[in-house]
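Sequence first, predicted coordinates after that:
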Amino acid sequence: MIDSARNRLRIFALVVFVTLLVSGCAGNEVKTDPAVERAKLRWSSILSGDLDTAYSLYSPGYRSTHSRVDFEIALRMQRVQWTSADYVSHDCAENRCVIRFNVGFSVKKPVPGMDVFKSSNLVEDIWVLSKGEWWFVPQKK
């Protein structure tokens with residue numbers, strides 16, 4: 001009988017310990033900014049060729065002046081091919097975020113005698129909050 005009570009006490013102590021451990025871990029979750037998550041989604045969509053999703057993340061103002069077809073043509077016509085996009089950091093204010101990515105790219109036949117040039121560059125994406133949603137605003141060229 002004493003052994004049975006000890007076993008129940010051990011099980012109870014184990015349950016309490018695991019519960020405290022799990023609840024302690026839950027409090028340490030890293031909360032990501034919604035703008036950062038949307039920025040990561042935009043880059044992953046571009047890299048994977050999911051241009052419908054990428055286009056849907058652009059600001060309503062951009063989409064009102066650039067059709068989905070124009071968007072795809074512009075991406076496919078550029079000589080630069082994006083190869084990676086690694087999140088670096090972000091700075092957000094109330095309605096605006098600057099999100100930095102280290103973006104890998106390649107350019108085929110950039111100069112005579114060179115087949116491919118590969119490199120990376122720090123890119124700052126601008127995101128704005130409008131009507132409760134974060135939108136990518138491309139820089140004017």
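Nice, thanks for sending it over. Since this is a predicted model, take the numbers as computed values, not measurements.

just the strands in this protein please.
80-92, 96-108, 116-130, 133-137 (DSSP state E).

which intervals of the chain have sub-threshold pLDDT?
Scanning the chain for pLDDT under 70 picks out 1-31, 141.

Let me know which of the strands of the chain is tucked in deepest.
Comparing the strands of the chain by mean neighbour count (mean count of other CB atoms under 10 Å), strand 133-137 comes out on top with a mean of 19. (Glycine included, C-beta is placed from N, CA and C.)

rewinding a little: can you put the strands of the chain in a markdown table and add distance to I73?
Listed next are these as a markdown table, based on distance: least, CB to CB, whole Å:
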| stretch | distance to I73 |
| --- | --- |
| strand 80-92 | 15 |
| strand 96-108 | 18 |
| strand 116-130 | 21 |
| strand 133-137 | 18 |
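
closest one to R42 among those strands?
Closest to R42 of the strands of the chain is strand 133-137 (CB to CB; 5.6 Å).

what's the angle from the closest one to strand 116-130?
Angle, strand 133-137 to strand 116-130, by axes from the mean of the first three to the mean of the last three CA atoms, to 10 degrees: 140 degrees.

how much does strand 133-137 deviate in direction from strand 96-108?
40 degrees.
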